[in-house]
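[1] Model the structure of this input:
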Amino acid sequence: MTHVRHLAAAAAILCSLAGCAPEHVGPIELKFGHVGEPGSLFALSAEEFARRVNARLDAYEVVVFGSSQLGGDELLLQKIKLGTVDFALPSTVMSSQIEAFGLFEMPYLVHDRTHMRAIEEAVVWPDLAPLAEAEGYKMIAVWENGFRHVTNNEHPIVVPADLSGIKLRIPRGVWRVKLFQTFGANPTPMALSEVFIGLQTGAIDGQENPLAQIWGSKLYEVQEYLSLTGHVYTPGYVVVSPSRWAGLPDDVREVLEEEARATQAFVHETAERLDTELLDAVREAGVQVNTPDRESFERASAPVYVEFGRTVEGGAGLVQRARAAGSN
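    Here you go, the predicted model:
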């Protein structure tokens, strides 16, 4: 056996001296990074996409890294630009990179997932996707983060005034800050990976997230109240590194894009199921659940729309087309 190892080592040295390229063993890894915890909608979505792609490709393999293993949202977007990560699944953070993505920070804009699919065709692909690609993020599909709700340890939230003074974790994004300042809260941008400890130690009083993230991150363990505000629906955008994408064979890109788009149906079906199942699970975990006065929140959020239309180029038009999408 030692003799065999010596022969192999000698062959490797000779190959190196002769300028031989090392032979790649196994499929080429395509890294998909996201911030969702195991069991979250992000995790389930990315894993389903990887399963579908890997069943069709031999020379390439999508490998999923969740729980911010490859970095938080901002670092992942940097890595996408550099080409050191192949896929990412940003959500709210896109609004802090490209102003027009603040459209999906507008409260109560998206009625349901059917409306979201109409907005995708009417606004996302013709308007937002080209802006993202110009900034170094090529979008190949639109998935979901979901309808967001508020949890806290002070009291149930029924009207905006109930948020007064509450230190509320939010993801990074200028419009989410403005929204909760309008409601009277003290919004505190923080990475998702830090939220559990922040709530556990009392550094923050509450947070807002879709049910799938609340459950996947086990936030129900450190929160007493869940208020179903449904204040914002946030898409998840499947983005790829343009430099890495350009280097892939045409047939591989075709499979990746086909399966990314096809996975959307799985994402929406899973999200609808989780909305029901996880609400029951959160209640069973001892969290008190209430339904706020939605009309009062809609009235209070009107100034955010005014500012978006005034400060973002084409913002008023984006809102108008999003609201009208699917109406015909």
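[2] Distance check, Phe49 against Gln288.
    36 Å (CB to CB, to the nearest Å). Where you see a C-beta, it was placed from the backbone N, CA and C, and this is true even at glycine.
[3] Who has more neighbours out of those two?
    Between Phe49 and Gln288, Phe49 has the larger neighbour count (other CB atoms under 10 Å), namely 26 against 13.
[4] Apart from its neighbours in sequence, what residue is nearest Val255?
    Arg56 (5.2 Å; CB to CB, 6 or more residues apart in numbering).
[5] The closest residue in space to Ala300 that isn't next to it in sequence: how many residues sit nearby?
    What sits nearest to Ala300 in space, not counting adjacent residues and going by CB to CB, 6+ apart, is Pro160, at 4.4 Å. Residues near Pro160, counting by other CB under 10 Å, number 21.
[6] Next: His115.
    Around His115 there are 17 residues (other CB under 10 Å).
[7] Over to Glu135?
    13.
[8] May I have the phi/psi pair for it?
    phi -90, psi 0 (degrees, to the nearest 10).
[9] do the one 10 residues further on as well
    Asn145 has phi and psi values of phi -100, psi -50 when expressed as degrees, to the nearest 10.
[10] before we move on, what about the one 10 residues further on?
    In this entry, His155 is assigned phi and psi values of phi -170, psi 170 (degrees, to the nearest 10).
[11] correct me, but it touches Ser227?
    No. Using CB atoms under 8 Å, His155 is not in contact with Ser227, being 9.4 Å away.
[12] that older thread, tell me the pLDDT at the residue nearest to Val255?
    pLDDT recorded at Arg56 is 98.
[13] Give the full set of residues in contact with Ile43.
    Slight slip there: residue 43 is Ala, not Ile. His34, Gly36, Glu37, Val64, Gly66, Gly216 (CB atoms under 8 Å, 6 or more residues apart in numbering).
[14] thinking again about what came up before, so His155 and Ser227 - more neighbours on which side?
    Using other CB under 10 Å as the criterion, His155 and Ser227 rank with Ser227 on top: 23 against 13.
[15] which residues touch that one?
    Counted by CB under 8 Å, 6+ apart, Ser227 has contacts His149, Val150, Thr151, Asn152, Pro156, Ile157, Val158, Val289, Asn290, Thr291, Pro292.
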